[in-house]
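# Next come a sequence and a model predicted from it.
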Amino acid sequence: THFLFLVMFKKPIACSKKNILKSNQKRALKENILKSFPQVQQSDIEALLPQKQDLNVIHQGGGCRTLIYAGTEPWVIDVDGRNTLLPTVYLLWTLPTFLPTFYIYPQTFSHLRNGADLMLPGVLEPAEGFQNFLIGEIYTVTIVGYNTPVAVGKTLTSLKKAKEDNMKGKVLSILHLYTDSLWQLGSKSHPPIPEADVEPQVEEANEGEEEKEKEKEEAEGAEQEGNEENNNEATEDAPQKLTPEEMDDLVTRSAYQAMKRVIKDKQLPMPVNLFFACVMQCRPKGTTLNIKHSSFKKVLAFLQELQNRELLELKETAKGVWSVVAINRSYMEIRNHVDHEIDIIVEEGPETTEAQLKPIEPIKEFWKFVNQLTFLIPPHEDKNKLWQIQDASALLFEYIANKELSGAGSSTVMLDENLVKFFDKRDGMVVGDKVPKSEISKRFRAKLTPAHVVVIYGMEEVRKGAPPSIDIDVVNRGGNKILTKIKGLVYYGVNEQLLTTEFSKKFATTCTLQHLQEGRREWTEIWAQGDVHTKVEKYLTDSLDVPVKLIKTSLPKGKKK
């Protein structure tokens, strides 16, 4: 049974036509949910599935599986046609407490995406300890520091048996997760970004809490006899915005606790962004870390300082990609660090569009050498290594210099048996011919295979090809009606549903998120009424940090920018 579930949503799912559930079917569904998930309250069900909301049913796989849709999102699937219900991530993002959850580190999710079961060593034990669980229970999986689950599965062991096995072995068979084929049947949106990751909004919220705390301290001080002096001290000592030195201390103490309690040697090497995500989770309760407000300004600069103090070792595991490869746990300040209370689960804040929209992470472009070019790679380097273009070009001209194929100050290169392969037979080039350096450089770049690295929710992903463009198309819809279409943002982890709402507010126009399909190809577009391409371009570059070169704007014939 577990094996059937494990492979269930790896392949595309073919579905029949949607049919609306009747009232008696809706009541039966609600009763079945309450029966299948005892921890769910009646009020939760009514909030999720209000009486007036239409629910659609789709039969799949000869009727043995049934999908229940709420709007455009699949919420529940009956996996065997026998009322064996499983919630989708879309439902879990709406009600994260629908099921109990296991917390994992960000790097563990990549293993789940590759088809692995969840192992006990990859699960973070809450401060209060694990709640009791038995074999065959449905649990969700949440990346620590986030508010909503990214996967759902069935337990393969019990807490009692896990403790007998020293918390080793498999704990959860993954049935469905974010990015699988079941997720692809919905809007393909991404998990809501936790409030704590949006530093300006969190700081404002914290400052509001600090102000209240300050007022409370002042009131308490005023009520006490003869302690006017204490009242003044309380006012002066009330939490204020941290100085760079204070933020340095906060970040450092959080790093000590992460290295002492959270990050294990078997998890190394660990990319610096994931390392700092663990540091973020180890911040003292009620505080906010903002590396930009410290004297370090950047995460890498902070970690280099720790390396200079011999607390850890950094290594450039790929060009431009740094990782922590070792931690010096014998360091006195780590050993003597006194643990502070931390927030295991990030508190939910107000759900505002600004709080969840987040600029995309910098996109790193790399190139890989094809077999025809590997003669340029030094013996000690990995032939599959990704290179930045300037470093790849440096290898080319180093080869030319070593082979003495170009004289000092010469603008031409003499072709040898390797360089002549840069040209096609129709070019008529032979060994001994001379070509301009600019031409050999152009031919060399054309033979490199492009790749790029994007960061989606703290996790780096290497993807083939050049970064795809974000397209803005302005089209005439007859008469004076004009429509602006925007597509491609979901590739970089942007929540298009939130962005649609944001565009409606900022541009004072009607905006909708369209789910389109042509054959097997599916995609989403944001449609905005009117010609707002200049406003969209400005918002993408200023608010989402989208590189200008990725934005491709197309205007109707005869219309000028």
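Perfect, I can see it now.
# what about residue 453, distance to residue 395?
Between residue 453 and residue 395 the computed distance is 20 Å (CB to CB, to the nearest Å). Just so you know, the C-beta spots here come from the backbone N, C-alpha and C atoms, and that holds for glycine as well.
# Equivalent analysis for residue 92, please.
Residue 92 is 48 Å from residue 395, by CB to CB.
# do residue 169 as well
Distance, residue 169 to residue 395, using CB to CB: 46 Å.
# So which of these two has more stuff around it?
residue 395 (18 against 14; other CB atoms under 10 Å).
# mind listing what the more buried one touches?
376-378, 387 (CB atoms under 8 Å, 6 or more residues apart in numbering).
# hmm, try it at 6 Å
residue 376 (CB atoms under 6 Å, 6 or more residues apart in numbering).
# Kindly report the same for residue 190.
493, 495.
# quick check, it in a strand?
No - applying DSSP: H, G, I helix; E, B strand; the rest coil, one finds residue 190 to be coil, outside a strand.
# Return the per-residue confidence for it.
pLDDT for residue 190: 75.
# where does it fall, phi/psi-wise?
phi -110, psi 160 (degrees, to the nearest 10).
# cool, residue 330 as well?
phi -80, psi -10.
# What is the burial count for it?
Using other CB under 10 Å, residue 330 has 8 neighbouring residues.
# what's the distance between it and residue 251?
Distance, residue 330 to residue 251, using CB to CB: 22 Å.
# Please identify which helix or strand holds residue 46.
helix 42-48 (DSSP states H and E).
# Quick one: residues in contact with that helix.
With CB under 6 Å, 6+ apart, helix 42-48 has contacts from 30, 95.
# For the stretch 251-400 of the chain, just list every one of the helices.
Secondary structure of the stretch 251-400 of the chain, counting by DSSP state H, counting those that start in this stretch: helices at 272-281, 299-308, 332-335, 353-356, 389-402.
# so which of those helices gets nearest residue 510?
helix 353-356 (16.2 Å; CB to CB).
# can you tell me the average pLDDT over the closest one?
Helix 353-356 shows a mean pLDDT of 42.
# Stretch 301-321 too?
Averaged across stretch 301-321, pLDDT comes to 82.
# same deal with stretch 498-518?
Stretch 498-518 comes out at a mean pLDDT of 86.
# Can you list the buried residues in it?
Across stretch 498-518, burial judged by 16 or more other CB atoms under 10 Å covers 498-500, 502-504, 507, 511, 513.
# now those residues in a markdown table, with secondary structure and distance to residue 437?
Shown next, in a markdown table, are these (DSSP: H, G, I helix; E, B strand; the rest coil; distance: CB to CB, whole Å):
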| residue | secondary structure | distance to residue 437 |
| --- | --- | --- |
| 498 | helix | 49 |
| 499 | helix | 45 |
| 500 | helix | 49 |
| 502 | helix | 48 |
| 503 | helix | 47 |
| 504 | helix | 53 |
| 507 | helix | 49 |
| 511 | strand | 50 |
| 513 | strand | 49 |
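# can you list those in a markdown table and add distance to residue 449?
Listed next are these as a markdown table, based on distance: CB to CB, whole Å:
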| residue | distance to residue 449 |
| --- | --- |
| 498 | 35 |
| 499 | 32 |
| 500 | 35 |
| 502 | 37 |
| 503 | 36 |
| 504 | 41 |
| 507 | 40 |
| 511 | 38 |
| 513 | 34 |
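# Look up how far residue 287 lies from residue 247.
Distance from residue 247 to residue 287, by CB to CB: 10 Å.
# what's the answer for residue 342, then?
9 Å.
# Tell me which of the two has more neighbours.
residue 342 (19 against 16).
# Run through the bridge partners of that one.
Beta-bridge partners recorded for residue 342 (DSSP bridges): residue 284.
# Just the pLDDT for it.
Listed pLDDT for residue 342 reads 77.
# for residue 559, same thing?
At residue 559, pLDDT is 69.
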